[in-house]
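**Q** got a structure for you, letters missing:
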Ligand code: ZN
């Protein structure tokens with residue numbers, strides 16, 4: 001009961017990449033960089049285990065950014081042709097590469113870190129990939145000319161890598177779809193179909209992460225416009241409940257998402273956000289246990305996996321470590337109280 005996990009990313013150590021940034025530059029190159037990425041992966045597996053996290057991740061130490069890390073292995077994308085794009089319905093600007101031809105995977109994307117993680121932990125292992133809709137929203141297109149078609153093309157490639165990750169021994173593949181909270185009509189039109197294509201036939205559990213973004217200023221400003229109750233989940237949860245995806249990762253603590261909306265995910269496991277990634281203040285186990293208890297009114301206990309609201313990539317390393325401990329301690333407290 002209350003098996004803990006994290007949304008996915010963790011801060012990169014200062015010897016690996018710039019700290020405190022969403023698109024950090026690597027500190028090394030070539031073989032030295034490849035080795036350092038794996039060393040950082042190992043470090044965070046140990047940190048998660050010591051904190052008491054039940055289903056660990058590689059901390060996304062091998063990718064510069066949660067979307068563009070996957071794209072680096074995709075042919076048909078021109079990384080030299082970067083354009084500034086207003087992403088997430090123009091909430092903030094990003095410098096993104098351009099799709100210039102038919103998409104094809106040039107080989108494995110995450111084999112090295114997935115296999116290292118699998119070999120070095122006995123805990124359950126979750127691996128994250130960007131979702132098709134979120135990729136489409138974080139790239140320029142000069143070839144497909146249609147967002148749904150482009151998403152389906154990416155879904156095919158994601159499925160190829162996801163199947164390989166399952167064969168590597170990963171227990172859950174999670175697709176990150178923050179864009180689901182932005183384009184709620186498109187989610188129903190083609191977003192879930194693309195997600196299901198990406199997750200088709202996997203020999204492991206499948207999940208999707210839908211959040212209100214990292215704690216950057218543009219996101220904080222956006223959240224301030226969403227009113228007293230955030231209802232985006234209400235628009236997409238019924239369709240997700242009817243989908244073949246096993247688990248949904250949601251932002252909960254310090255959000256204005258009404259807890260009762262979780263009832264719309266009947267039949268799904270809920271990776272419940274009980275750690276705020278937009279604040280450096282470390283939650284107390286009491287607070288974490290409180291959010292878990294509140295969720296039990298709408299989700300069966302066995303289906304609740306306490307989790308972080310979103311990735312912790314841009315966060316201070318010490319703070320992230322303390323939040324991992326708060327997550328595990330809070331879940332333990334909830335188990336004692338609610339068993
Ligand atoms: Zn997120």
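**A** Yes, it's here. Because the structure is predicted, anything quoted here is derived from the model rather than measured.
**Q** CA only for contacts and neighbour counts going forward, please
**A** Noted.
**Q** Three-state assignment for whatever residue of the chain ends up closest to the ion, please.
**A** Closest residue of the chain to the ion, C-alpha to the ion: residue 310 (3.7 Å). Secondary structure, DSSP: H, G, I helix; E, B strand; the rest coil: residue 310 is coil.
**Q** got it, and residue 80?
**A** Following three-state DSSP, residue 80 is assigned to strand.
**Q** leaving out the residues flanking it, which one is nearest to it?
**A** residue 97 (7.0 Å; C-alpha to C-alpha, 6 or more residues apart in numbering).
**Q** now do the contacts for that neighbour.
**A** 77, 78, 79, 80, 81, 82, 83, 139, 140 (C-alpha atoms under 8 Å, 6 or more residues apart in numbering).
**Q** would you write a ChimeraX line that selects the buried entries of the residues you listed?
**A** The following ChimeraX line selects those of the contacts of residue 97 that are buried, judged by 16 or more other C-alpha atoms under 10 Å:
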select :77,78,139,140
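**Q** got CSV for the contacts of residue 97, with distance to residue 178 and pLDDT too?
**A** Formatted as CSV, these follow (distance: C-alpha to C-alpha, whole Å; pLDDT from 0 to 100):
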residue, distance to residue 178, pLDDT
77, 22, 97
78, 24, 96
79, 23, 93
80, 26, 93
81, 25, 87
82, 22, 91
83, 21, 92
139, 15, 95
140, 18, 95
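**Q** now render the contacts of residue 97 as a markdown table, adding distance to the ion.
**A** Output for the contacts of residue 97, formatted as a markdown table (distance: C-alpha to the ion, whole Å):
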| residue | distance to the ion |
| --- | --- |
| 77 | 24 |
| 78 | 26 |
| 79 | 24 |
| 80 | 27 |
| 81 | 27 |
| 82 | 24 |
| 83 | 23 |
| 139 | 18 |
| 140 | 21 |
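**Q** which stretches of the stretch 151-300 of the chain form helices?
**A** 184-186, 192-198, 217-224, 232-241, 285-295 (DSSP state H, counting those that start in this stretch).
**Q** among the ones you listed, which is the most enclosed?
**A** With neighbours taken as mean count of other C-alpha atoms under 10 Å, the helices of the stretch 151-300 of the chain reach their highest mean count in helix 192-198, at a mean of 23.
**Q** just give me how far that one sits from the chain centre.
**A** Averaging C-alpha positions (C-alpha atoms, centre = their mean, to the nearest Å) puts helix 192-198 16 Å from its chain's average.
**Q** now stretch 187-200
**A** Taking mean C-alpha positions (C-alpha atoms, centre = their mean), stretch 187-200 and its chain are 16 Å apart.
**Q** so how far does it reach from one end to the other?
**A** With C-alpha to C-alpha, to the nearest Å as the measure, stretch 187-200 spans 17 Å from end to end.
**Q** before we move on, the earlier item: tell me the SS of the residue nearest to residue 80?
**A** Looking at residue 97 with three-state DSSP, the answer is strand.
**Q** likewise for residue 135?
**A** helix.
**Q** nearest residue to it other than its sequence neighbours?
**A** residue 67 (6.1 Å).
**Q** the one you found against residue 137, yeah?
**A** No: taking contacts as C-alpha atoms under 8 Å, residue 67 lies outside contact range of residue 137: 9.9 Å.
**Q** where do the strands sit along the stretch 201-339 of the chain?
**A** With strands called from DSSP state E, counting those that start in this stretch, the stretch 201-339 of the chain shows them at 205-210, 247-250, 269-275, 304-308.
**Q** other residues contacting stretch 190-205?
**A** Outside stretch 190-205, the residues touching it (C-alpha under 8 Å, 6+ apart) are 131-133, 148, 151-152, 155-159, 162-163, 166-167, 170-173, 175, 180, 206, 239-240, 243-247.
**Q** change it to 7 Å
**A** With contact meaning C-alpha atoms under 7 Å, 6 or more residues apart in numbering, stretch 190-205 is reached by 131-133, 148, 151-152, 155-156, 158-159, 163, 166, 171-173, 206, 244, 246.
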